[in-house]
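**Q** Build me a structure from this.
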Amino acid sequence: MKWPKPKFIDSPYYVSAPGGGWGYLKPGAPAEIQKEFKEYTEYDEHEGIEEVKKLTEDDII
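**A** Numbering: from 1, shown residues only. Presented below is the predicted three-dimensional model:
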């Protein structure tokens, strides 16, 4: 699932992590920013998928 750029990225409360991973929020971040940050960082696009099959050369036609 593709989501639009989250608002918390431009927030003065957001500190990005080196290497491009999720950073963290500084203390005092508004509840709306905290909620959005939590939703983005905890989202699992594979949730509900029981098994992800790794393709092999035999699977490719």
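**Q** Stretch 19-35: end-to-end distance?
**A** Start-to-end span of stretch 19-35 (Cα to Cα, to the nearest Å) is 24 Å.
**Q** Tell me the buried residues in it?
**A** Leu25, Ala29, Ile33 (16 or more other Cβ atoms under 10 Å). No exception for glycine: its C-beta is placed from N, CA and C like everyone else's.
**Q** tell me which of those is nearest to Tyr13?
**A** Among the buried residues of stretch 19-35, Ala29 lies closest to Tyr13 (Cβ to Cβ), at 3.7 Å.
**Q** tally of neighbours for the residue nearest to the closest one when sequence neighbours are not counted?
**A** Leaving out its chain neighbours, the residue that sits closest to Ala29 by Cβ to Cβ, 6 or more residues apart in numbering is Tyr13, at 3.7 Å. Tyr13 is flanked by 15 other residues according to other Cβ atoms under 10 Å.
**Q** any chance you could map the strands in this structure?
**A** Taking DSSP state E to define them, one finds strands in the chain at 14-15, 24-25.
**Q** Just put those in TSV and tack on distance to Tyr40.
**A** Below are the strands of the chain laid out as TSV (distance: least, Cβ to Cβ, whole Å):
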stretch	distance to Tyr40
strand 14-15	11
strand 24-25	11
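**Q** ok, now how distant is Gly19 from Leu25?
**A** Distance of Gly19 to Leu25, given as Cβ to Cβ, to the nearest Å: 18 Å.
**Q** ignore the last one, Glu32
**A** 11 Å.
**Q** which regions of the protein lie under the pLDDT threshold?
**A** 1-3, 44-55, 59-61 (pLDDT under 70).
**Q** try it again with 80
**A** 1-4, 20-21, 43-61 (pLDDT under 80).
**Q** for it, what spans make up the helices?
**A** 31-42 (DSSP state H).
**Q** and Phe8, what is it in contact with?
**A** Phe8 makes contacts with Tyr14, Leu25, Ala29, Ile33, Glu36, Phe37, Tyr40, as judged by Cβ atoms under 8 Å, 6 or more residues apart in numbering.
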